[in-house]
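K.L.:
pasting the sequence and the predicted model now:
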Amino acid sequence: MRWYVTSRITRLSAVPHIRCRSRRTTTTPHGKMLGEMTNAALVPARRDLSDAPFLIAAQGGRPSRTPVWFMRQAGRSLPEYRKVRAGIPMLEACLNPELVCEVTLQPVRRHGVDAAILFSDIVVPLFAAGVDLDIVPGTGPVIAQPVRTAADVAALPSLRDEQVAPVAEAIRLITAEAGDTPLIGFAGAPFTVASYLVEGGPSRNHERTKALMHGEPATWHALLDRLADITLGFLRLQIDAGVDAVQLFDSWAGALSERDYREFVLPHSAKVLGGLADAGLPRFHFGVGTGELLPAMREAGADVVGVDWRTPLDVAARRLVAAAPERPAPVVQGNLDPAVLFAGAPAIEREVDRILAEGRRTGGHVFNLGHGVLPDTDPDAITRVVELVHERGVPSDESEETDAEAETR
Ligand SMILES: Cc1c2[nH]c(c1CCC(=O)O)Cc1[nH]c(c(CCC(=O)O)c1C)Cc1[nH]c(c(CCC(=O)O)c1C)Cc1[nH]c(c(C)c1CCC(=O)O)C2
């Protein structure tokens, strides 16, 4: 039981720079909050966002402008984030609805991005389920007792909805405040979450993870199956609470060969993404260094494939078309190198123009970085990218055939 989360909410309500206010009795224990939430009368109607460029592009339509948002847009690059987070541990922040709402909306207010992404972390559902872990500043998630045996896997707790009720509450606050800006929900994919659980923390080579995968495949598949269930449940809760799209982060999948990805990872990510198909929301799927995996990641059930800066967007689109010529032209997301934001205005303009041109030769483009915003990034550089994308990312000319369309002909 982590009642401190709710008691902290009460204190935060008195802090003037938090704009998001819960109208619910925030001191209510989680169990009671769930009781209230499952009452259909309290669930707000989903917003009509049919004109939102982000959702139109994600569905392969032609938006009025190229939509843009940034992975890790909420976070340490923003002084207003550092101010509200001061003294509050990361996981505690992620389970505080008012704070989550505030931090999620900060980059929307400042930069004018076309989508908000829920402020959370890939280990939040594990933490909420009772796994002993922490997010250590400058390091990332650290697991007290790494999961390495069949007995460890069997001992993993399941996730009950009431344990992440503060996340659902945060989503309701955000969607009430966000006007016509779509909200992206997210979760870590089974492989990337497993990597933290097995290694015990961040890892360069993922050697223990790969040892389990190859050495004890039955234990590996049991672990990923458990994680797929937790991830699917967490994303379903987010969808029920009102998110407008979801992104599955398989950040470290690029460490795998395509063969290993297909055998050891794809079926479990497909369980998650396939399990959300009936919701009818765009599903984004992203990893770093995944140039060789893009078709397999799409096959796992992605509507939009995220691409890091190593693979040009038009090349990515051609690979996706070649692998699945019968499918609609692929929609891609990306892929400005986050380090370019440190390179000054001329370099930023040049790179934005190049990426917009490459994005026109795909079935649809959602502008983003190739990975998350780095903590020391100048926020003005981010705002400038948004302005440039909105000014120059005109919709592709209807008469102009994209490379992807030409290949599908
Ligand atoms: C691998 C991964 C993690 N977390 C996440 C991933 C997948 C995405 C990716 O590849 O970047 C997902 C994540 N984590 C966070 C978000 C926020 C939403 C957004 O604005 O995109 C998202 C989408 C907040 C966060 N998650 C974390 C922070 C920093 C903590 C802080 O501000 O104190 C934020 C804003 C902590 C975290 N959590 C994790 C790392 C590597 C770190 C950074 C550690 C550090 O450098 O301090 C694990």
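P.N.:
Received it, and whenever you're ready, just let me know what you need. Worth saying up front: this structure is predicted, and the values here are computed from it rather than measured.
K.L.:
can you mark which positions in the one helix or strand residue 232 maps to are buried?
P.N.:
In this assignment (DSSP states H and E), residue 232 forms part of helix 217-241. Residues of helix 217-241 classed as buried by neighbour count (16 or more other Cβ atoms under 10 Å): 219-221, 223-224, 226-239, 241. Heads up, the C-betas are built off the backbone N, CA and C, glycines and all.
K.L.:
close to the ligand, is that helix?
P.N.:
No. Under the criterion of Cβ under 6 Å from any ligand atom, the ligand is not reached by helix 217-241; the shortest gap measures 12.4 Å.
K.L.:
around the ligand, which positions in the chain sit nearby?
P.N.:
So the chain meets the ligand at 71-76, 85, 90, 117, 119, 121-122, 135, 137-141, 186, 249, 251, 372 (Cβ under 6 Å from any ligand atom).
K.L.:
one step back: show me what the helix holding residue 232 is packed against.
P.N.:
Using 3 or more Cβ pairs under 8 Å, 6 or more residues apart in numbering; DSSP states H and E, the elements in contact with helix 217-241 are helix 124-129, helix 150-154, helix 165-177, strand 183-188, helix 190-199, helix 207-215, strand 245-249, helix 266-274.
K.L.:
so for residue 389, which of these sits nearest?
P.N.:
Closest approach to residue 389 among the helices and strands packed on helix 217-241 is made by strand 183-188 (17.0 Å; Cβ to Cβ).
K.L.:
could I get the closest one in PDB with only the CA atoms?
P.N.:
C-alpha atoms of strand 183-188 as PDB (Å, rounded to 0.1, in the frame of the first residue of the first chain):
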ATOM      1  CA  LEU A 183      -3.100  12.700 -25.600                       C
ATOM      2  CA  ILE A 184      -0.700   9.800 -26.200                       C
ATOM      3  CA  GLY A 185      -0.700   6.900 -23.700                       C
ATOM      4  CA  PHE A 186       2.300   4.600 -23.600                       C
ATOM      5  CA  ALA A 187       4.000   1.600 -22.100                       C
ATOM      6  CA  GLY A 188       7.300  -0.200 -22.300                       C
END
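K.L.:
what's the mean pLDDT across that strand?
P.N.:
For strand 183-188, mean pLDDT is 98.
K.L.:
can you tell me which helices and strands it packs against?
P.N.:
Applying 3+ Cβ pairs under 8 Å, 6+ apart, one finds that strand 183-188 contacts strand 116-117, helix 165-177, helix 217-241, strand 245-249.
K.L.:
touching whichever strand or helix holds residue 55 from outside, list them.
P.N.:
According to DSSP H and E, residue 55 maps onto helix 53-58. The contact list for helix 53-58, computed with Cβ atoms under 8 Å, 6 or more residues apart in numbering, reads 49-50, 62-67, 69, 114-115, 182, 244-245, 282, 284, 303-304, 331, 364-366.
K.L.:
alpha carbons of it, as PDB, please.
P.N.:
Written as PDB, here are the backbone C-alpha positions of helix 53-58 (Å, rounded to 0.1, in the frame of the first residue of the first chain):
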ATOM      1  CA  PRO A  53      -3.400  16.800 -37.500                       C
ATOM      2  CA  PHE A  54      -1.600  14.200 -35.300                       C
ATOM      3  CA  LEU A  55      -4.500  11.700 -35.500                       C
ATOM      4  CA  ILE A  56      -5.200  12.300 -39.200                       C
ATOM      5  CA  ALA A  57      -1.500  11.700 -40.100                       C
ATOM      6  CA  ALA A  58      -1.300   8.700 -37.900                       C
END
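K.L.:
output the contacting helices and strands for the helix or strand following that helix.
P.N.:
Elements were assigned by DSSP H and E; along the chain past helix 53-58, the next helix or strand is helix 79-85. For helix 79-85, the elements it packs on are helix 97-111, judged by 3+ Cβ pairs under 8 Å, 6+ apart.
K.L.:
rewinding a little: any of the contacts of helix 53-58 buried? List them.
P.N.:
The buried subset of the contacts of helix 53-58 - by 16+ other Cβ under 10 Å - is 49, 63, 65-67, 69, 114-115, 182, 244-245, 282, 284, 303-304, 331, 364-366.
K.L.:
and the residue lying closest to residue 378 once chain neighbours are set aside, what's its pLDDT?
P.N.:
Residue nearest to residue 378 in three dimensions, not counting chain neighbours: residue 341, with 7.0 Å by Cβ to Cβ, 6 or more residues apart in numbering. On pLDDT, residue 341 comes in at 98.
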